[in-house]
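just a sequence and a predicted model for now, questions to come.
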Amino acid sequence: MKLELIAKHEKDSRACRDAFALTLKDMMAADKSVCYVDCDLMGCVNTKQLMAAYPDRAYEAGIAEANAAGVCAGLAATGKKVYLHTFGTFASRRIYDQIYMSAAYADLPVHVFGSDAGVCAAFNGGTHMPLEDAAMYLSIPKAVVTDPCDYAQLKAVTEQVADCDCVTYTRFVRKDIIRVYGDDTEFTLGKGVVLHESSHDAATIITSGIMVDEALKAYEALDAEGIAVRVVDMFTWKPLDEELVLRCAAETGAIVTAENHNVVCGLGSAVANCLAKNHPTVQEFVGVQDMFGQVGPQSFLMDEYGLRASNIVAAVKKAIGRK
């Protein structure tokens with residue numbers, strides 16, 4: 001795995017949604033089996049260009065998400081590689097039964113992309129704020145669940161899920177994303193990315209999505225205090241890279257998970273389940289503490305729900321103190 005770490009805490013000049021849209025456009029050009037279904041949000045995710053270029057393989061289902069999921073399952077049954085996009089709330093709660101029964105239970109690969117992950121729904125408010133979307137997909141047998149953090153990682157995930165023979169769910173942010181990786185970085189589904197490590201790390205931060213940048217800020221703050229920590233981008237929540245989790249637990253003795261998601265049944269829970277079964281380890285959980293979403297700017301919401309580097313720093317110190 002080739003790693004090109006940018007991590008300057010600067011926004012990418014590119015909209016992250018274009019990593020999804022442009023990658024799909026290239027894939028549709030190269031492979032006539034790739035299809036795309038949207039639910040009245042092509043303008044939001046810049047995929048109108050797919051319908052213009054491939055009107056026979058890009059479909060507008062309208063505000064009828066459950067029906068769209070059924071259409072996707074039907075397309076998959078004919079051997080198509082099917083991508084479905086809508087907001088994360090609709091990509092999970094609204095279509096869960098159809099995805100579970102018509103796709104997953106029927107062993108049909110449908111690749112669902114839910115945008116505006118977690119607090120990134122911002123002014124769309126609590127009704128549109130997916131804080132439990134990944135949890136729902138984690139409970140589907142064989143499903144692959146990812147939470148990419150930036151343009152390069154979303155591009156890689158979009159390409160790689162096409163080869164998965166199961167339902168996949170990817171939660172992502174459409175725009176205003178911090179650039180973490182260079183475009184030449186290589187990613188592998190199911191494998192975490194170690195961003196910082198040393199032989200004397202006192203704890204490991206396991207994170208994903210928008211929290212990767214916050215974890216890197218926490219790393220810098222802790223390093224300034226003389227506290228060495230490991231940072232892992234666990235962009236694939238399922239299948240979890242258990243080998244890496246257990247190595248970090250054995251070598252650092254304390255784990256802090258940080259996620260833009262409810263801490264109940266999210267990344268932290270997946271890591272805790274792995275540790276409980278294999279290597280019980282001190283763990284602290286940074287994320288939304290079992291609360292509903294609300295309306296507000298993303299910056300306010302990250303403060304409100306404790307999704308900041310300062311929260312990670314405090315959790316690391318608490319975990320180290322519990323060792």
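Thanks, I have the structure now. Residues are numbered from 1 along each chain as shown.

from now on I want contacts and neighbour counts done on CA atoms only, so please keep to that.
Will do.

buried residues of the helix or strand where Phe300 lies, list them for me.
Using DSSP states H and E, the element containing Phe300 is helix 298-304. By neighbour count with 16 or more other C-alpha atoms under 10 Å, helix 298-304 contains the buried residues 301-302.

got the contact list for that helix?
Helix 298-304 is contacted from outside by 119-122, 294, 308, using C-alpha atoms under 8 Å, 6 or more residues apart in numbering.

ok, stretch 136-146 next?
Here stretch 136-146 has contacts from 92-93, 96, 100, 104, 134, 157, 166-171, 235-239, using C-alpha under 8 Å, 6+ apart.

paired strands for the helix or strand hosting Arg230, with orientation please.
Using DSSP H and E, Arg230 maps to strand 229-233. Here strand 229-233 is paired, per DSSP bridges, with strand 193-196 (antiparallel), strand 203-207 (parallel).

return the most buried member of those strands.
Most buried of those by mean neighbour count (mean count of other C-alpha atoms under 10 Å) is strand 203-207; its value is a mean of 29.

this structure: helices as residue ranges?
Using DSSP state H, the helices of the chain run over residues 16-30, 42-45, 48-53, 65-77, 88-89, 96-98, 133-138, 151-160, 211-224, 242-252, 267-278, 298-304, 309-322.

what residues sit buried inside the first one?
Along helix 16-30, these residues count as buried under the neighbour rule (16+ other C-alpha under 10 Å): 16-25, 27-28.

please compute how far it lies from its chain's middle.
18 Å (C-alpha atoms, centre = their mean, to the nearest Å).

which residues touch the residue most central in space within the chain?
The residue lying closest to the centre of the chain (C-alpha atoms, centre = their mean) is Asp147, at 0.9 Å. By C-alpha under 8 Å, 6+ apart, the residues touching Asp147 are 170-172, 208-209, 235-237.

how near is the closest residue to Cys166 other than its chain neighbours to Tyr169?
The spatially closest residue to Cys166, leaving aside those adjacent along the chain, is Pro109, at 4.2 Å (C-alpha to C-alpha, 6 or more residues apart in numbering). Distance, Pro109 to Tyr169, by C-alpha to C-alpha, to the nearest Å: 11 Å.
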